[in-house]
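1. No sequence on hand, only this structure:
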């Protein structure tokens, strides 16, 4: 990870890692059969370094927010290595952790994968986007003409939140949606039966009979 932090992911080689360790490159194959295994462990280490809540509080929503913020922090500590999380998916690396955090979730079982899907995409999407900006020295919001894009300019002026605060606000709003009571479906209006059509009056032949 130290080599990636300094040299970048594309410049990583087993020779550089071996030199940093003071060994020869072939020695690394004693522990890793191929370079992909080494990179997968780097991705796993990024996730394991997240300072997740040790004792989940009774406030489930705040625990989830703390977990997402800790994961995002850990990824942003190593922006050059962040793309590895797109190559070696977090679910594949730490599937048991997913089970643990789903276990403490108080939502109905049919809502839990929706929760996992949203929190995962919001967290990793935010972290990977900002990591790419840091690695390339690019500002998250490009300069633009405020007169040509007045609505976006007004939204930026109204917001005083930095990147992390915006992320927390987005996670909080997402979780609020799960905790809000579901709207009661309106009952369909009772339909009135159309009056039965009268049969045409019979000819008065019976009266003449």
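-> Cool, the structure landed. What you see is a predicted model, and the numbers here were worked out from it, not measured in a lab.

2. Can you tell me which residue sits nearest the middle of the chain?
-> residue 121 (2.0 Å; CA atoms, centre = their mean).

3. how near is that one to residue 7?
-> For residue 121, the distance to residue 7 (CB to CB, to the nearest Å) stands at 30 Å. Where you see a C-beta, it was placed from the backbone N, CA and C, and this is true even at glycine.

4. cool, residue 175 as well?
-> 39 Å.

5. Those two - which one has more neighbours?
-> residue 175 (20 against 13; other CB atoms under 10 Å).

6. Tell me, what's the model's pLDDT at the more buried one?
-> As predicted, residue 175 sits at a pLDDT of 94.

7. Is it part of a helix or strand, or is it coil?
-> helix (DSSP: H, G, I helix; E, B strand; the rest coil).

8. How about it, nearest residue that isn't a chain neighbour?
-> Distances taken as CB to CB, 6 or more residues apart in numbering place residue 61 nearest to residue 175, at 4.9 Å, with adjacent residues excluded.

9. who touches the one you found in this structure?
-> 172, 175, 176, 179 (CB atoms under 8 Å, 6 or more residues apart in numbering).

10. where does residue 33 fall, phi/psi-wise?
-> Note on residue 33: its backbone torsions stand at phi -70, psi -30 [degrees, to the nearest 10].

11. how much space between residue 55 and residue 65?
-> 15 Å.

12. Between those two, which is the more surrounded one?
-> Neighbour comparison, residue 55 and residue 65: the larger count goes to residue 65, with 19 against 5 (by other CB under 10 Å).

13. Count the neighbours of the closest residue to that one other than its chain neighbours for me.
-> Distance criterion CB to CB, 6+ apart; nearest residue to residue 65, sequence neighbours excluded, is residue 171 at 5.4 Å. Neighbours of residue 171 under the rule other CB under 10 Å: 22.

14. tell me which element the residue nearest to the centre of the chain is part of?
-> helix 109-136 (DSSP states H and E).

15. Now do that helix, average pLDDT.
-> 95.

16. What lies in contact with whichever helix or strand comes after that helix?
-> Later in the chain than helix 109-136, the nearest helix or strand by DSSP H and E is helix 150-158. Helix 150-158 is contacted by residues 141, 144, 146 when judged by CB under 8 Å, 6+ apart.

17. Out of the helices and strands in the protein, which is least certain?
-> Lowest on mean pLDDT, DSSP states H and E among the helices and strands of the chain sits helix 205-208, with a mean of 50.
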